[in-house]
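Trainee: Fold the following.
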Amino acid sequence: MTIVGNLTKDPELRYRPGGGEAVLRFTVASAPRYYSKAEREYVDGETTFMPCWITSRGSEAANGYLERLAETFRRGDHVIVVGDLVTQAKEALHNSGCRCGLNPPASRSARAM
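Mentor: The predicted structure follows:
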């Protein structure tokens, strides 16, 4: 799944206890554009807010990558996020605070445009 949009606030970097695994959380606001025959121009559709996260899975190199993303990305930045849509069981909501998100494997990433 690919999401193109803007960050709603600065990303938040945290480390899970025990394993040193980094988790970068952020939200992307995405609005599809379409051509309106009535208005004779492109207009924005309804905005969707997608909570996303990227995990390092404990790798020091990946931790460094997430640290650089957290330092670089800022609210309003235009980004492309590529990953997998993941839904979590209700019991897991207490641990993560997110209902769904993008959990990209190591070969996938988020980048500024």
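Trainee: If we ignore the residues flanking it in sequence, what's nearest Arg33?
Mentor: Nearest non-adjacent residue to Arg33, counting by CB to CB, 6 or more residues apart in numbering: Tyr42, 5.0 Å away. Every C-beta, even on glycine, is put in place using the N, C-alpha and C of the backbone.
Trainee: Outside of the helix or strand containing that neighbour itself, which residues are in contact with it?
Mentor: Tyr42 belongs to strand 41-44 when assigned by DSSP states H and E. Applying CB atoms under 8 Å, 6 or more residues apart in numbering, the contact partners of strand 41-44 are Ala31, Pro32, Arg33, Tyr34, Tyr35, Ser36.
Trainee: Indicate each strand paired with it and its parallel or antiparallel sense.
Mentor: Paired neighbours of strand 41-44 in the sheet (DSSP bridges): strand 33-36 (antiparallel).
Trainee: my guess is Glu46 contacts Ala31, does it?
Mentor: Yes - Glu46 sits in contact with Ala31 when judged by CB atoms under 8 Å, with a separation of 6.9 Å.
Trainee: So which of those two has more stuff around it?
Mentor: Each of Glu46 and Ala31 had its neighbours counted (other CB atoms under 10 Å), and the higher figure belongs to Ala31 (13 against 7).
Trainee: just to revisit the earlier point, what pLDDT, on average, does the strand holding Tyr42 get?
Mentor: Computed over strand 41-44, the mean pLDDT rounds to 93.
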